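A.B. asks: predicted model, plus sequence, below.
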Amino acid sequence: MSLSQDEEFDLIERYNLGKLTQEEIDAFEVYLKANPESRKRVRSFLRLDSYLLTKSQSNRELEEEEIPLGTESIKKAEPIFPIFKSLSIAATILISFLGFYLWQMNKSHTVDPNLFRSDDESTLNGYAVIKHLVDEKFISPKDNHQVGDLVSGETLEIERGLIQLDFFCGASVVIQGPAKFEVVSAWDAIFHSGQLRAVVPPAARGFKIKTAQGEIEDLGTEFSLTVAENKSQVHVIDGKVLVHSDDEPTQEMNTGDRLKLTSAGYTEVDPDINIAGLDEIKSSSLGLKQASFDRWKNEQSNWIGDQRLVAYFPMDEKSWEGNRILNQSPHREGPPKDAVMLGFATKSPGRFHHHKMALDVRRPDARARVFIDGKFEAYTFYIWVRIDSLSNWYNALFMGDNYNNGEPHWQINNEGKLMMSVMINEKNREINKPSHRIYYSPSFWNDELSGKWIQLASTYDPKNRVVKNYLNGEEISSEPIIDKFYIEKLSIGGAEIGSWGLPFKAEDSTFSLRNLNGRIDELMIFNAALSGNEIKRLYQNGKP
């Protein structure tokens, strides 16, 4: 059984309403068993139903909630769930669905409970997450990590710098290089060498760090640990720890106590060693962000006069004026090219902490509209984004309004593939017709990227007949423009940043959900195809 996206959603809706025949239900279950992604979409729909039922009984503001939303693939198509015209109707439908489900359960045919098993859910591997990195240098390039990376059953070895690890049990550890630290579980670690400081709140009591000389079990406290030259030195800064050794009785240590563990047992301690803690690494991290921000500002001054730059929204302190985001390109004179924030689009912290803001478009009604006139020889779209999730079928970055000949669409699909496309024949908009060509990147998205700042770029180059996609300064795909999909005259006109909600017909109130569930911090549009070296330079000097 093979279904298009529209057919699948129609089937889900009719299944929800109890309009499927017994034969259709049987076929639908077989289809779901064979398609894990379809099962996820069914669960998303059921969560939306549950959410709407809750909202019909509550007066809480909508923007305080996060709703898992799904949508269809073609903007002109009919709405997926036209029945959701009010919360009260949605609640009624949900009750009807539950009644239908129970009715089916009481019949000879039983819905297979394995269809929606939790083991179909997305999973990640990790015992801890990297919260901060300051001036770090890993011993092995293959072990390089970024802020936000999950760490699971692996050894971190740094030549210098600071790492803050937040364990899922609740403990936080700051490691000061040179050091070698092994994450064993959410409650255990092995410290081979270096210096660290651990903060263990009551919820993480029992967290353990092992060394070659013994084991430190924390009972809700803060302590420092130095491991070098076949000895371990423990200093309890606040609270209580237990020190276990194979050759010595368990030693209880309290606030201010110091103890050295060696092969000869417990002995006196060396003078205090200053080891960075949470406050110090936070302060250092903020200082690093200031340095990164200054580096970006210097790079910005090199580009802001580039005549190829037709639209530039740096979203720095000079970019915001009321509900407008000011265009800082050399071509900002003439017809206004500023972006206007609409709906519940808001300013949120950007990629340099408090030094810079970003456009938050997580609400379905949030967007920024812009009009960019003129004709173009090529395109480069360059953007910094922080994506919470790819919650829609298509997740907009920059979208031409009507998608007429020569106009671009730049977005990410729900599989995490970057999509660069230009309309070739606007008169032929039917599904699966060669009216345009979408140039996909490989899937770059995984759930570990959620909440991280990443750089995306795409170039559309008719002269050299090639389209390229980039992630964090590196080319991830290149595809030729064949004669069938070649177009020389490019334009933009009206467009939206972070969404695509203007219907083809003015009297049509229905629009597809394509808003980006995240934030946008800096958008550059060039009338040229930048080289790979130029995009890498932008990334290197713009990364947080």
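C.D. replies: Everything's here; your move.
A.B. asks: any stretches of the stretch 401-544 of the chain with poor pLDDT?
C.D. replies: Low-confidence segments of the stretch 401-544 of the chain, defined by pLDDT under 70: 426-434, 501-512.
A.B. asks: what of the stretch 1-150 of the chain?
C.D. replies: Within the stretch 1-150 of the chain, the set of residues satisfying pLDDT under 70 comprises 1, 6, 16-18, 22-23, 26, 33, 43-123, 140-143.
A.B. asks: repeat for the stretch 151-300 of the chain
C.D. replies: Scanning the stretch 151-300 of the chain for pLDDT under 70 picks out the ranges 268-289.
A.B. asks: where do the strands of it begin and end?
C.D. replies: Along the stretch 151-300 of the chain, the segments classed as strands by DSSP state E, counting those that start in this stretch run 155-167, 172-183, 188-200, 208-211, 214-218, 221-228, 231-238, 240-244, 251-254, 258-262, 265-267.
A.B. asks: dump those strands to CSV, plus mean neighbour count.
C.D. replies: The way it works is simple: take the backbone N, C-alpha and C, and place the C-beta from them, glycine included. Output for the strands of the stretch 151-300 of the chain, formatted as CSV (neighbours: other Cβ atoms under 10 Å):
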stretch, mean neighbour count
strand 155-167, 20
strand 172-183, 22
strand 188-200, 21
strand 208-211, 21
strand 214-218, 21
strand 221-228, 21
strand 231-238, 20
strand 240-244, 19
strand 251-254, 16
strand 258-262, 19
strand 265-267, 14
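A.B. asks: quick check: which element contains residue 475?
C.D. replies: With secondary structure defined by DSSP states H and E, residue 475 is part of strand 474-480.
A.B. asks: what's the next secondary structure element after that strand?
C.D. replies: Counting by DSSP H and E, the next helix or strand C-terminal to strand 474-480 is strand 493-497.
A.B. asks: mind listing what's buried in that following strand?
C.D. replies: Residues of strand 493-497 classed as buried by neighbour count (16 or more other Cβ atoms under 10 Å): 495, 496, 497.
A.B. asks: show me the strands in the stretch 401-544 of the chain, by range?
C.D. replies: With strands called from DSSP E, counting those that start in this stretch, the stretch 401-544 of the chain shows them at 408-413, 417-423, 436-443, 453-461, 466-471, 474-480, 493-497, 518-526.
A.B. asks: residues touching the nearest residue to residue 238 once chain neighbours are set aside, list them.
C.D. replies: Of all residues not flanking residue 238 in the chain, residue 222 sits nearest, at 4.7 Å (Cβ to Cβ, 6 or more residues apart in numbering). Residue 222 makes contacts with 197, 198, 199, 200, 236, 237, 238, 239, 277, as judged by Cβ atoms under 8 Å, 6 or more residues apart in numbering.
A.B. asks: from residue 361, how far off is residue 222?
C.D. replies: Between residue 222 and residue 361 the computed distance is 40 Å (Cβ to Cβ, to the nearest Å).
A.B. asks: got it, and residue 24?
C.D. replies: Residue 24 is 38 Å from residue 361, by Cβ to Cβ.
A.B. asks: which one's more surrounded, the two?
C.D. replies: residue 361 (30 against 13; other Cβ atoms under 10 Å).
A.B. asks: tell me the contacts of the more buried one?
C.D. replies: 345, 367, 368, 497, 498, 499, 515, 516, 518, 519, 520.
A.B. asks: give me that answer again for 7 Å
C.D. replies: Shown in contact with residue 361 (Cβ atoms under 7 Å, 6 or more residues apart in numbering): 345, 367, 498, 499, 515, 516, 520.
A.B. asks: now do residue 486
C.D. replies: Residue 486 neighbours (Cβ under 7 Å, 6+ apart): residue 462.
A.B. asks: one more pass at 8 Å, please.
C.D. replies: By Cβ under 8 Å, 6+ apart, residue 486 lies in contact with 462, 465.
A.B. asks: i'd like the first residue to be 45 from this point on
C.D. replies: Happy to do that; since the first residue is 45 now, the last one works out to residue 530.
A.B. asks: dump the strands of the stretch 195-344 of the chain into JSON lines; add distance to residue 355 as well.
C.D. replies: Formatted as JSON lines, the strands of the stretch 195-344 of the chain follow (distance: least, Cβ to Cβ, whole Å):
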{"stretch": "strand 199-211", "distance to residue 355": "38"}
{"stretch": "strand 216-227", "distance to residue 355": "42"}
{"stretch": "strand 232-244", "distance to residue 355": "46"}
{"stretch": "strand 252-255", "distance to residue 355": "52"}
{"stretch": "strand 258-262", "distance to residue 355": "53"}
{"stretch": "strand 265-272", "distance to residue 355": "50"}
{"stretch": "strand 275-282", "distance to residue 355": "52"}
{"stretch": "strand 284-288", "distance to residue 355": "57"}
{"stretch": "strand 295-298", "distance to residue 355": "61"}
{"stretch": "strand 302-306", "distance to residue 355": "61"}
{"stretch": "strand 309-311", "distance to residue 355": "67"}
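A.B. asks: out of the ones you listed, nearest to residue 484?
C.D. replies: Nearest to residue 484, of all these, is strand 199-211, at 34.8 Å by Cβ to Cβ.
A.B. asks: thank you kindly, that will do.
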